[in-house]
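Asks: starting from these lines, generate the structure:
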Amino acid sequence: MKPYLTTPSSGDEYMSEEFFIKRAEDAKDLPLPGYMTENAAGMDLRANVHEDIQLLPGDYKAIPVGIHIALPKGFEAQIRPRSGLAVKHGVSMVNAPGTIDADYRGEIRVILINHGTEAFIVRRGDRIAQMVVASVVTPVFTEAGELPDTARGDGGFGHTGM
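Replies: Residues are numbered from 1 along each chain as shown. Got it, this is the predicted structure:
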């Protein structure tokens, strides 16, 4: 399946911020991340491995994806598992979602984990994760002796029942 590509048309509003992407030197043959459908929130990231990597059940490994990005201040990239890998193979991410900060310039890596019952093989070019770019709010907290009351209060895990 080819990635779904969009082009600006009159009347569309686009952010004025510039987002840059650079392929790793050893990833020139891999496609850049792309949206697979018109309304996809995440763009697929591909494994930049030079030999197959086996993940046994319970194993986890950091897999490079062959790109470096530069985000403007006020943005982050969230790296998320692919639902197809989870449902078909039990493969997910250890730190889901992973966060790529606006000031990080290294190659992005995805920490895959095999929660399944059989070995999973990661091959060069496999779509292994998704990247969603989102805006970030950086609050300035003021310490307070008391917080405003709410109906929920301090009700935590499972407080509303089953």
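Asks: quick one, phi/psi of the residue sitting furthest away from the middle of the chain?
Replies: Relative to the centre of the chain, the most outlying C-alpha is that of residue 145, 37.2 Å out, by CA atoms, centre = their mean. Taking degrees, to the nearest 10, you get phi -70, psi -30 for the backbone angles of residue 145.
Asks: kindly report the same for residue 87.
Replies: Residue torsions, per degrees, to the nearest 10, at residue 87 are phi -70, psi -30.
Asks: ok, back up a step: need the contact list for the residue farthest from the centre of the chain.
Replies: By CB atoms under 8 Å, 6 or more residues apart in numbering, the contact set of residue 145 is empty. In short, each C-beta sits where N, CA and C put it, glycine included.
Asks: so residue 134 makes contact with residue 76?
Replies: Yes: contact criterion CB atoms under 8 Å: residue 134 and residue 76 qualify, at 5.8 Å.
Asks: okay, the two: which has more neighbours?
Replies: residue 76 (17 against 12; other CB atoms under 10 Å).
Asks: the strand or helix carrying residue 121: which residues count as buried?
Replies: Per DSSP states H and E, residue 121 falls inside strand 120-122. By 16 or more other CB atoms under 10 Å, the buried positions in strand 120-122 come out as 120, 122.
Asks: what does it contact?
Replies: Under the criterion CB under 8 Å, 6+ apart, external residues in contact with strand 120-122 comprise 47, 49, 52-55, 61, 63, 89-91, 112, 114, 128.
Asks: pLDDT (mean, whole number) over it?
Replies: Averaged across strand 120-122, pLDDT comes to 98.
Asks: distance from the chain centre to the helix or strand following it, please.
Replies: Under the assignment DSSP H and E, the closest C-terminal helix or strand after strand 120-122 is strand 127-135. Relative to its parent chain, strand 127-135 has a centroid offset of 3 Å by CA atoms, centre = their mean, to the nearest Å.
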